[in-house]
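In: Quick check, what structure comes out for this input:
(one chain, ligands or ions: 1)
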Amino acid sequence: MRRGIALGVLLALGGLVAVKAQPPAADAPKVIEVEKVKDNLFVLRGGGGNTAVFLTATGVVVVDAKNPGWGKPILDKIKELTPKPITMLINTHTHGDHVSGNVEFPATIDFVAQENTKANMEKMPIFKEHNNVGMTKRTFKDKLTIGKGADQIDLYYFGPGHTNGDALVVFPALRTMHAGDLFQGKALPLVDADNGGSVLHYPETLNKAYNGIKGVDAIINGHMPAQTTFADLKEFADFNQDFLTWAQAELKAGKTPAQAAPEWKVPAKYAGYSSTVGPLFGGVEGRIKRLADEMKK
Ligand SMILES: [Zn+2]
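Out: This is a model prediction of the structure:
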């Protein structure tokens, strides 16, 4: 578990660094591991965020497209799984380790994301460099249902968290959801202030998701090496609420984010949660600072 989370954090780090135009080692072999979740649902791991591959009657729907250079390896891997054509790519949010592979997908397919994510993606150089191939074509605000019956997909947005455009992608017939990085794994989540992420609203957004989505048992997380459960989503919401309550008390007591940060620990009741917090977005201190900024508004 702990090793998996560390790996997830590293992958997230790799993707975000890539956004800042530091090219990854182009000649490193791009290895994708396939996990069959259901007969018509797969998770492709490696090269950034977890990618979901959903086989419908008419074609293949993909969720997230990994780091730069990983679009082609995803397409090659899907060819091994099915002869069906790719019809749609859904992005859970704007980060480079989830959307950069978009530019290698066929330009004619449908590209879908939450409306704020489209606005965030429009700021990314990679799409300008590729004549806008892979840019979102279809957006939604709060909810969008695509297809029906065995092929139905429900997209939800419940408010700011990891970014201001985190989509939850539900496959109702399979009782499974791709949660992207809103629930990346069992650790303190990253909050991207530049893309509208919120420490203050994170627990509320998770609770809205937990209460607003029905009929999901399994969750594909943004970077976890194995699925989590819907009950884990509630635990993650509580974990974030406890962090928020603690951080607000520290600020109220007059501590600066730098003074408070070293005192934070994973509360003992959260078994299996990683205490490792990477430096991305300022580490624990950066999260408390983001909260202080939000509380001033
Ligand atoms: Zn992310």
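In: could you measure the closest residue to Val99 other than its chain neighbours against the ion, distance?
Out: If the residues on either side of it in the chain are set aside, Val99 comes closest to Asn91, at 5.0 Å by Cβ to Cβ, 6 or more residues apart in numbering. Bear in mind the C-beta positions are built from the backbone N, C-alpha and C, glycine included. Separation of Asn91 from the ion (Cβ to the ion, to the nearest Å) stands at 11 Å.
In: And Lys137, by the same measure?
Out: Note on Lys137: its distance to the ion, by Cβ to the ion, is 21 Å.
In: Return the per-residue confidence for that residue.
Out: pLDDT for Lys137: 98.
In: Contact partners for it?
Out: Lys137 sits next to 110-112 when contact means Cβ atoms under 8 Å, 6 or more residues apart in numbering.
In: May I have the phi/psi pair for it?
Out: Dihedral pair for Lys137: phi -100, psi -40, per degrees, to the nearest 10.
In: Also Thr176?
Out: Listed backbone geometry of Thr176 is phi -130, psi 150, with angles given as degrees, to the nearest 10.
In: Could you give the number of residues near it?
Out: Thr176: 23 surrounding residues under other Cβ atoms under 10 Å.
In: any idea how far the residue of the stretch 151-297 of the chain found nearest the ion lies from Lys214?
Out: The minimum distance from the stretch 151-297 of the chain to the ion, using Cβ to the ion, falls at Asp181 (3.5 Å). Note on Asp181: its distance to Lys214, by Cβ to Cβ, to the nearest Å, is 23 Å.
In: So which of those two has more stuff around it?
Out: Under the neighbour definition other Cβ under 10 Å, Asp181 and Lys214 were set side by side, and Asp181 has more, 28 against 9.
In: what's the closest non-adjacent residue to the more buried one?
Out: Using Cβ to Cβ, 6+ apart and skipping the chain neighbours, the partner closest in space to Asp181 is Gly222 (3.7 Å).
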